[in-house]
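Participant: Just need the structure, nothing else, for what follows:
(4 chains)
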2 protein chains.
Amino acid sequence: MNENSSIRAKSGTNQEGTSAHNRRVMIEALRLNGALSRADLARATQLTKQAVSNIIEDLERDGLVVALDTVRKGRGQPSTPYRLVPEGAFAIGLQIDRHLTRAVVVDLVGSVLARAEANLPLDEPSEGVKVILGLIDGVRRELAGISSQSESRLVGLGVAMPGPFGLQNSDDKWMMPAWQKFPLLETLAAGTGLNVGLQNDAAACATAERIVGAAHGVDHAVSLYVGYGIAAGLILNGELYTGGNGNAGEIGRALLSPAGPGSTPLEHRASLASLYQHLGLDAADAHLYERMDALALAEDPKVMAWIKDAAHDLRWSVHLIETIFDPQTVILTSGAPETLARRLLEAMQPLLPSIADRPGRSLPRLQLGITDPWSIALGAAAEPISRAFDPRFSAILKTRSGGF
Amino acid sequence: MNENSSIRAKSGTNQEGTSAHNRRVMIEALRLNGALSRADLARATQLTKQAVSNIIEDLERDGLVVALDTVRKGRGQPSTPYRLVPEGAFAIGLQIDRHLTRAVVVDLVGSVLARAEANLPLDEPSEGVKVILGLIDGVRRELAGISSQSESRLVGLGVAMPGPFGLQNSDDKWMMPAWQKFPLLETLAAGTGLNVGLQNDAAACATAERIVGAAHGVDHAVSLYVGYGIAAGLILNGELYTGGNGNAGEIGRALLSPAGPGSTPLEHRASLASLYQHLGLDAADAHLYERMDALALAEDPKVMAWIKDAAHDLRWSVHLIETIFDPQTVILTSGAPETLARRLLEAMQPLLPSIADRPGRSLPRLQLGITDPWSIALGAAAEPISRAFDPRFSAILKTRSGGF
DNA sequence: TAATTAAGTCAAGCGGATTGACTTAATAGC
DNA sequence: GCTATTAAGTCAATCCGCTTGACTTAATTA
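Facilitator: Numbering: from 1, shown residues only, chains lettered A, B, ... in the order given. Now for the predicted structure:
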């Protein structure tokens, strides 16, 4: 309101920020390395043994880590390794797709403890929300049967749905226009009492790869998600990057060439939507997944023809991603059955020559990600876990209501 | 060496990290807002008045900030604004181009205090380095004449040259192959005794825009650099993003379409290299800049034809950048004279519809950046300043020799 | 059995932000 | 013109969390 509100500055920090960061660093180190002793942690994090000891003691009291049996490894006192306690935290993930919604509960290490799915009316979000709240309630009860502390350890609800978000003209079949206009996050927050976060489905796939997949512990990775649409999930500097308005990575809307206003967006040609069209399948078909799986297994000629064409465009996309992001690896993720995804990956070989073609690479240029159809819901659930427990710049800063 | 060296973890932090961050936050706040009182800073950074007072006292003693006259603004004790002291720090920036090298000295606020340029032999880096060291020595002496504390306040040497770096097959006219193979950074570090950092020229342009240009205080901005080659400089989350191997943003090598191995890279068609070829000019011509300026001013038909074609491809690039990065703004930067750059910008209008076309934008989708031909050297110099004084995650962490 | 090595604890110390009372210096209201 | 109010900034004590250095514990090596 007054002139001060216009001052732009980052927030400062204090000992609480320090401590929060160090706790997160410990948790990440245990997640990446399985089990570590206090001495290991001290070396790895550059903190003193004493500091680590205090932090581990705290984490143990909070039920986030637990000691294992001591191990003797040469001279000196045996060390006591610690590992994460999976039941230390839970999160619910929700995937909202065109004709389907899925909810899962995951724990601190990314294991799925409960799952449920239901059909969703594409154009009636107010009806759909009731279905969704029912689904969430179901998995939440299931969780309550597993852990007595389930409610106090539930860190949030992550939602994944097709992007991009917040556009003017959202009357576009790729974007589930009715849902875009609906106040979904507010409704879900009110209906569940949880913190709610939103990602697009490609970001959710990348988040899933980061917590339990090929991007685990990799600082620069891009997942190329081939679903109904196509998008990239960006892990940059070890964190999900979402851009200025949450829409980074919408590569499916990239034009295949500068040839003019009629130039085709990538996702019109290489997405599963294009496959459905090519095969004359209905996206609302309840057995779509099984049908695709069967066709891919049988090497159906129409499917193989689509794969060939799509691979051609996707090979270009990988080249583009490598050229623009310079990631350590690109991960192919998909809503399609594993057979189909694998055939697509094979058809993309050999990749185009690019700056990623360098001597001494430790990771493959392109690899197959998680093909489980539940991976988007898993990634959705992983987001609140990551927000609560992974080291990140914003976790160090003092919080504020609004502003910069 | 032993098994511990394979443990992956981020580094922890302590009160020194806290303090370092808070100092940087104060400096950034003053840079972005001009002058602020301690009370303003306390509100903006969420720290207490007392903490801010102590930090400002330190910064004042270190010669980085200075008090201005008190100002009365309504009730209460008048406030004492502080501003950055330009002479608080200096850095040297070096641009290495194909036939030319430029060195500048900049101060803490990004003003250029000294500049020098010389011709450079494209294929003889060992000769070239002598020229460069002479140039650096020259501006360094000039700085010594300006400030008695110049040496102690010199934070580093930033180098900008065309990328990408570290490829296998670097025998490519775009990459100055002889220079890529030469141990440039080591030689310059030994020859000057300064910390040396390297960026590609597009990154340097973006860094320049960040310190004194259109990206000042913008968290998500991409500069599209049209020089001999084409590349993008990426400001993501308020920091320069350089990718897994320092080569992020090499959009000039992106293929214009998936049409196969013969598909053209962008920079073969829309870069200044293509303009020189189109005009039959020699890139080594000492009066290249003036010739281009004259031709652009005169609306030479060949130049206008090139502009039309290049704008067509660049319009596509802007669309691609917006689609993939979702930045708040795209900045057109160039090694070309302002007249030419401005004509190019105009010819790119109207932009292609994209997800950046949203209601309530505060920044233009595309704007002209600094057109001063010294901006790359300025950006090169701004990098050590930014590394030393801007808030960033890595500045909070405890340092280590190698590793993750 | 003694020396060595490494894990981990103890207790004091220290750096840096926080807290709350206080001082200073202006404007607003009567 | 006096008084109340408001805001900037300081003082001194406190508190939080990492660091330091000595010490204990428990293994292997010679």
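
Participant: The residue lying closest to residue A:46 once chain neighbours are set aside in helix, strand or coil?
Facilitator: If the residues on either side of it in the chain are set aside, residue A:46 comes closest to residue B:398, at 4.1 Å by Cβ to Cβ, 6 or more residues apart in numbering or on different chains. Every residue, glycine included, has its C-beta placed from N, CA and C. Classification of residue B:398 using DSSP: H, G, I helix; E, B strand; the rest coil returns coil.

Participant: Against DNA strand D, how distant is residue B:398?
Facilitator: Residue B:398 sits 6 Å away from DNA strand D, going by Cβ to the nearest atom of the strand, to the nearest Å.

Participant: what's near enough to touch that residue?
Facilitator: Residues in contact with residue B:398 (Cβ atoms under 8 Å, 6 or more residues apart in numbering or on different chains) are A:45, A:46, A:47, B:11, B:12, B:13, B:14, B:17.

Participant: residue contacts, the first one?
Facilitator: Right, the one you point to is residue A:45. Counting by Cβ under 8 Å, 6+ apart, residue A:45 has contacts A:22, A:25, A:26, A:29, A:52, B:9, B:10, B:11, B:12, B:398.

Participant: do the same with the fifth one
Facilitator: Counting by Cβ under 8 Å, 6+ apart, residue B:12 makes contact with A:21, A:22, A:25, A:45, A:46, A:47, A:51, B:397, B:398.

Participant: do residue A:366 as well
Facilitator: So residue A:366 contacts A:318, A:329, A:330, A:331, A:332, A:345, A:348, A:351 (Cβ under 8 Å, 6+ apart).

Participant: Now the phi/psi pair for residue A:35, please.
Facilitator: With angles defined as degrees, to the nearest 10, residue A:35 sits at phi -140, psi 140.

Participant: Just give the number of residues close to residue A:28.
Facilitator: 22 (other Cβ atoms under 10 Å in any protein chain shown).

Participant: try the one 5 residues further on
Facilitator: For residue A:33, the neighbour count with other Cβ under 10 Å is 18.

Participant: how about it, what does it touch?
Facilitator: Counting by Cβ under 8 Å, 6+ apart, the residues that residue A:33 touches are A:40, A:44, B:7, B:8, B:9.

Participant: Which helix runs longest in chain A?
Facilitator: For chain A, the longest helix by residue count, based on DSSP state H, is helix A:301-325.

Participant: Show the pLDDT at the nearest residue to residue A:338 once chain neighbours are set aside.
Facilitator: Among residues not flanking residue A:338 along the chain, residue A:371 sits closest, at 3.9 Å (Cβ to Cβ, 6+ apart). Here the pLDDT value assigned to residue A:371 is 92.

Participant: do residue A:168 as well
Facilitator: What the model reports as pLDDT for residue A:168 is 67.

Participant: same thing with the one 10 residues further on?
Facilitator: Confidence at residue A:178, expressed as pLDDT, is 85.

Participant: which is the next helix or strand following the host helix or strand of it?
Facilitator: In this structure, residue A:178 sits in helix A:177-181 according to DSSP states H and E. Using DSSP H and E, the helix or strand that follows helix A:177-181 towards the C-terminus is helix A:184-192.

Participant: The helix or strand just after that next one pairs with which strands, parallel or anti?
Facilitator: The helix or strand immediately downstream of helix A:184-192 is strand A:196-200, counting by DSSP H and E. Using DSSP bridges, strand A:196-200 pairs in its sheet with strand A:154-161 (parallel).

Participant: got the angle for the strand it pairs with vs helix A:184-192?
Facilitator: 140 degrees (axes from the mean of the first three to the mean of the last three Cα atoms, to 10 degrees).

Participant: Which among the contacts of residue A:45 count as buried?
Facilitator: A:22, A:25, A:26, A:29, A:52, B:9, B:10, B:11, B:12 (16 or more other Cβ atoms under 10 Å in any protein chain shown).

Participant: From these, pick the one nearest DNA strand D.
Facilitator: Nearest to DNA strand D among those, counting by Cβ to the nearest atom of the strand, is residue A:22 at 4.0 Å.

Participant: That closest one and chain B, how far apart?
Facilitator: 5 Å (Cβ to the nearest Cβ, to the nearest Å).

Participant: My guess is that residue contacts residue A:51. True?
Facilitator: Yes: Residue A:22 is within contact range of residue A:51, at 7.1 Å (criterion: Cβ atoms under 8 Å).

Participant: Mind putting the contacts of residue A:45 into a markdown table with secondary structure?
Facilitator: Formatted as a markdown table, the contacts of residue A:45 follow (three-state DSSP):
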| residue | secondary structure |
| --- | --- |
| A:22 | helix |
| A:25 | helix |
| A:26 | helix |
| A:29 | helix |
| A:52 | helix |
| B:9 | coil |
| B:10 | coil |
| B:11 | coil |
| B:12 | coil |
| B:398 | coil |
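
Participant: Relative to DNA strand C, which of those residues is nearest.
Facilitator: Using Cβ to the nearest atom of the strand, residue A:52 comes nearest to DNA strand C of the contacts of residue A:45, at 8.1 Å.

Participant: ok, now which ones touch the closest one?
Facilitator: By Cβ under 8 Å, 6+ apart, the contact list for residue A:52 reads A:26, A:38, A:39, A:41, A:42, A:45.

Participant: helices or strands next to the longest helix of chain A in the packing?
Facilitator: strand A:221-226, strand A:230-236, helix A:267-270, helix A:272-279, helix A:288-297, strand A:329-334, helix A:338-347 (3 or more Cβ pairs under 8 Å, 6 or more residues apart in numbering or on different chains; DSSP states H and E).

Participant: If you count neighbours, what's buried in it?
Facilitator: For helix A:301-325, the neighbour count (16+ other Cβ under 10 Å) marks A:303, A:306-307, A:309-325 as buried.

Participant: Which parts of chain A belong to which domain?
Facilitator: Here the domain parsing of chain A from automatic domain parsing is A:13-84, A:88-201+A:378-396, A:214-369.

Participant: Could you dump those domains into a markdown table and include distance to residue B:139?
Facilitator: As requested, the domains of chain A are exported to a markdown table (distance: least, Cβ to Cβ, whole Å):
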| stretch | distance to residue B:139 |
| --- | --- |
| domain A:13-84 | 37 |
| domain A:88-201+A:378-396 | 35 |
| domain A:214-369 | 32 |
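
Participant: hang on, the earlier thing: can I get the helix holding residue A:178 in CSV, CA atoms only?
Facilitator: What follows is helix A:177-181, C-alpha atoms only, in CSV (Å, rounded to 0.1, in the frame of the first residue of the first chain):
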residue,chain,number,x,y,z
PRO,A,177,-10.8,-25.9,-20.7
ALA,A,178,-13.6,-26.5,-18.2
TRP,A,179,-11.1,-27.6,-15.5
GLN,A,180,-8.8,-24.7,-16.2
LYS,A,181,-11.6,-22.2,-15.4
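
Participant: Excluding covalently adjacent residues, which one is nearest to the residue nearest to the spatial centre of chain A?
Facilitator: Closest to where the C-alpha atoms of chain A average out (Cα atoms, centre = their mean) is residue A:207, at 2.2 Å. The shortest distance from residue A:207 to any non-neighbouring residue, by Cβ to Cβ, 6+ apart, is to residue A:379 (4.0 Å).
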